[in-house]
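1. model this:
(chains A and B)
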2 protein chains.
Amino acid sequence: MPSKFELNILGCGSATASLRHFPSCQVLNIRDNLFMIDCGEGAQLQLRKMSLKYARLGHIFISHLHGDHCFGLPGLVSTMALLGKTGEITIHTFDEGRQIFGEILGFFCRELPFNVRFNVVSPTDRQTIYEDDAITVESFPLFHRVPTVGFLFAEKPKPRHIRGDMAKYHAVPHYMMNDLRMGADFTAADGTVIPNEALTTAADPCVSYAYCSDTVRSRRVAEAVAGVDWLYHEATYDASLSQKARARGHSTSADAARIALEAGAKHLILGHFSKRYIDTAPLVAEARAIFPSTIAAEECLTIDLTTPPRL
Amino acid sequence: MPSKFELNILGCGSATASLRHFPSCQVLNIRDNLFMIDCGEGAQLQLRKMSLKYARLGHIFISHLHGDHCFGLPGLVSTMALLGKTGEITIHTFDEGRQIFGEILGFFCRELPFNVRFNVVSPTDRQTIYEDDAITVESFPLFHRVPTVGFLFAEKPKPRHIRGDMAKYHAVPHYMMNDLRMGADFTAADGTVIPNEALTTAADPCVSYAYCSDTVRSRRVAEAVAGVDWLYHEATYDASLSQKARARGHSTSADAARIALEAGAKHLILGHFSKRYIDTAPLVAEARAIFPSTIAAEECLTIDLTTPPRL
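-> Below is the predicted model:
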């Protein structure tokens, strides 16, 4: 049973707000730890709608300092305070973001029952910005009108599974089990080496997820997310508007698909839709012509990233 | 036909956000000029839902600097910029509000296609903070945990209506018509004084509206809004929670009703409801026991303030 790795879409609209979408916000649920990516206005409302637990939210990653990606932050922090959240939350953003949100939270959110820490992210260099036992998170440059980064969440290698019957048969002692999970062979009492593959089955596959918004299409983005399992790439516009997209620092559905193809991704999620599209199906169709395993983000959608999408 | 004076409720929940309510925001439509009172998170979404035109919004009045009354401001200003609003918008707030929002807008909303002006409001003194041909707006102190003011919108006296038949009969010249509307008598050619009441009918009644949130119950609030037609008064809690209300700087339904009664208001609107109340009817009932002409605010409700409420 693979460990939980779910993507919750709270908002996938673009800057020009509409009744159709909320501005950008997602929450990754990795083994019940919640990681928020971008925090547009209304994020706290959507978090509540999707019954995601504030108490489990430890990290907020901000891609860039356009308002539609971060105006939800003060309200979210305030509400978590009112609800008595404890512990710590880390906001990963540029130094400018640390300064402005430091001021905003300092003014509006005094005497918080939890600690707010800022982790300064480089807008220009690829970095590992977070790591725990289960995952690493890297940031890497995107190409928009203002400094912007994408985020790559990758599970660390997982332990192999013990074949209980074989372990019993070969009388593997209990204290050797972790070594077996890590891939070690077992030397029996009589000196016979039992290969690991006889005693274990393959580890659950690791999942990786990359968030790329906002950005023009760029080879460097494909390189940064090479081999990723799931790619979220902005598709503000349909394929006919590639000039407008580039002029505005955005991508089209076709751009997103080309990046997914070039990166060798397994699956593509389109998002950051312009408000002109009531129906995102045409954008999905355009992307699928280039990269078949494409779906559209949608508010309140939860995607299980451990299994292929339903197309 | 009375001139338009409508109240649009965009949000009437309290600080602890819920799926039931949006945080505080209202828009008065006075002869198609829009005046926003408070601007909680999600205000721009609700504005759009209610099809209120950004182009007509000229003034935003902020009662106090708790986040649930103003976190919607940056998003609203940003969106109005993206939609190409021109002209000017004035934000009426304390000097601290001017400073913090000046910084926020200066960071996030550069190169606006319209001017943002701050009008500094005193937290302690009653003032006329806005005036035009049709209305005056006064601010007056409320009594909350932080400096807070209420707002009183009052139409200026209106012109009387010319009785066309009588004016013709007495050969009132055209250039005298405005004086008649202002209440002047008419002296005929032969020296006879025709009293104004013979030549005109009563002006349309003037409407006044007061917004009181957030606040404890206070005689000084009743005095400040004495004789108002419509009173919006926070009723965060039901009558059984008066101690809690006072401790938190808030009011109960019964408090709001007593203020309306003491002020000699005509009609009362309850709002700023705690999220514990899925149904606000019990709070309305409690208020009506003291002040019968009470209704509850509700998101996306438009109230015609020129006619009595439907109870």
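
2. let me see the contact set for A:Pro205.
-> For A:Pro205, the contacting residues are A:2, A:306, by CB atoms under 8 Å, 6 or more residues apart in numbering or on different chains. For glycine as for every other residue, the C-beta is placed from the backbone atoms N, C-alpha and C.

3. distance of it from B:Val193?
-> 99 Å (CB to CB, to the nearest Å).

4. same check, this time on A:Val207
-> For A:Val207, the distance to B:Val193 - CB to CB - is 92 Å.

5. so for these two, which residue has more residues nearby?
-> The neighbour comparison of A:Val207 against B:Val193 (other CB atoms under 10 Å in any protein chain shown) goes to A:Val207, with 24 against 9.

6. for the more buried one, which non-adjacent residue is closest in space?
-> Nearest non-adjacent residue to A:Val207, counting by CB to CB, 6 or more residues apart in numbering or on different chains: A:Phe5, 4.5 Å away.

7. so that neighbour touches A:Leu305, yeah?
-> Yes - here A:Phe5 reaches A:Leu305: they are 4.6 Å apart, a contact under CB atoms under 8 Å.

8. what about the residue sitting furthest away from the middle of chain A, distance to chain B?
-> Relative to the centre of chain A, the most outlying C-alpha is that of A:Asp190, 49.1 Å out, by CA atoms, centre = their mean. For A:Asp190, the distance to chain B equals 66 Å [CB to the nearest CB, to the nearest Å].

9. do the same with A:Asp238
-> Counting by CB to the nearest CB, the gap from A:Asp238 to chain B is 19 Å.

10. and for A:Leu52?
-> Distance from A:Leu52 to chain B, by CB to the nearest CB: 13 Å.

11. make sure that residue is indeed in a strand.
-> No - A:Leu52 is assigned coil when assessed by DSSP: H, G, I helix; E, B strand; the rest coil, not a strand.

12. ok, it - contacts?
-> Contacts were defined as CB under 8 Å, 6+ apart; by that measure A:Leu52 touches A:8, A:27, A:29, A:34.

13. kindly recompute the last result at 10 Å.
-> A:8, A:10, A:27, A:29, A:34, A:36, A:46, A:302 (CB atoms under 10 Å, 6 or more residues apart in numbering or on different chains).

14. do A:His59 as well
-> Counted by CB under 10 Å, 6+ apart, A:His59 has contacts A:28, A:33-37, A:88-92, A:117, A:119, A:129-130, A:132, A:137.

15. filter those residues down to the ones in strands?
-> Judged by DSSP state E, strands contain the following of the contacts of A:His59: A:28, A:33-37, A:88-92, A:117, A:119, A:129-130, A:137.

16. just the buried ones from the contacts of A:His59?
-> Neighbour counting with 16 or more other CB atoms under 10 Å in any protein chain shown marks A:28, A:34-37, A:89-92, A:129-130, A:137 as buried within these.

17. close to chain B: what parts of the stretch 201-311 of chain A are there?
-> A:Lys275 (CB under 10 Å from any CB of the partner chain).

18. and the residue of the stretch 201-311 of chain A nearest chain B?
-> The minimum distance from the stretch 201-311 of chain A to chain B, using CB to the nearest CB, falls at A:Lys275 (10.0 Å).

19. where does pLDDT dip in chain A?
-> Low-confidence segments of chain A (pLDDT under 70): A:1.

20. cutoff 90 now
-> A:1-3, A:16-17, A:111, A:204-205, A:310-311 (pLDDT under 90).

21. show me what the helix or strand encompassing A:Asp255 is packed against.
-> Per DSSP states H and E: A:Asp255 is located in helix A:253-263. Packing partners of helix A:253-263 (3 or more CB pairs under 10 Å, 6 or more residues apart in numbering or on different chains; DSSP states H and E): strand A:208-212, helix A:219-224, strand A:230-234, helix A:242-247, strand A:267-271, helix A:281-288, strand A:294-296.

22. mind redoing it with 8 Å?
-> helix A:219-224, strand A:230-234, helix A:242-247, strand A:267-271, helix A:281-288, strand A:294-296 (3 or more CB pairs under 8 Å, 6 or more residues apart in numbering or on different chains; DSSP states H and E).

23. how far does the third one sit from the chain's center?
-> The gap between where helix A:242-247 is centred and where its chain is centred comes out at 26 Å by CA atoms, centre = their mean, to the nearest Å.

24. try stretch A:25-32
-> With CA atoms, centre = their mean, you get 7 Å for stretch A:25-32.

25. ditto for stretch A:261-274
-> With CA atoms, centre = their mean, you get 13 Å for stretch A:261-274.
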